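> below are the sequence and a predicted model for it; my questions follow.
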Amino acid sequence: MQAFERELLTLLPRLRRFARALARDSADADDLVQAALERALKARAQWAPGTRLDSWMMKIVRNCWIDEMRSRTRRARTFVPEEEGEAVGSEAHREIEIRAEMHAVERAMDSLTPDQREVIALVLVEGLAYREAADLLDIPIGTLTSRLTRGRQALAQMLEAA
């Protein structure tokens, strides 16, 4: 296995988390990561060795998501939410509490604007620097900071109310 593929494999958990933040559905996130990996493997010559592969891949994931959203709009495709079957058969008390907390966080993330959700996923979840995230999203750093601040405030308010 070549170094490029090995490095891609190490990025999979981060790519999946970012895709999950964008898609808000694990099946859609898996499809999104697969599409991004296919696109990256086909375009591997466009990646400049020595640059950050994670930023390059996150941008590909984001672009794949934008393409998917445009396609969904055209086809009006619908999906059954994963949450409908998550807790079926679970009897462990703590596991149920954890799932409820995670569900509250997911609901709060879902209620954010797409712009706020993107910056929170990149900066707070994935740990990208502000400059990296701003470059990836192709926005000024002040815009990123503003979206991040508003997103954090909205999340805090929603989670306090939950």
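That came in fine, so what should we check first?

> hey, let's count contacts and neighbours off CA atoms from now on
Will do.

> and the residue nearest the centre of the chain, what does it touch?
In the chain, the residue lying closest to the centroid (Cα atoms, centre = their mean) is Phe18, at 2.3 Å. Phe18 sits next to Met58, Ala121, Leu122, Val125, Glu126 when contact means Cα atoms under 8 Å, 6 or more residues apart in numbering.

> centre of the chain versus the lengthiest helix in the chain, how much separation?
Taking DSSP state H as the assignment, the helix of the chain that covers the most residues is helix 53-75. Offset of helix 53-75 from its chain centre (Cα atoms, centre = their mean, to the nearest Å): 10 Å.

> picking that back up, look up how far Gln2 lies from the residue nearest to the centre of the chain.
Computed with Cα to Cα, to the nearest Å, the distance linking Phe18 and Gln2 is 25 Å.

> about what we covered before: could you measure from the residue nearest to the centre of the chain over to Glu95?
24 Å.

> ok, Glu160 next?
Glu160 is 21 Å from Glu95, by Cα to Cα.

> the two: which is more packed in?
Taking other Cα atoms under 10 Å, Glu160 and Glu95 do not tie; Glu95 has more neighbours (12 against 8).

> mind giving me the packing neighbours of the host helix or strand of that one?
In the assignment (DSSP states H and E), Glu95 maps to helix 93-111. For helix 93-111, the packing partners by 3 or more Cα pairs under 8 Å, 6 or more residues apart in numbering; DSSP states H and E come out as helix 141-161.
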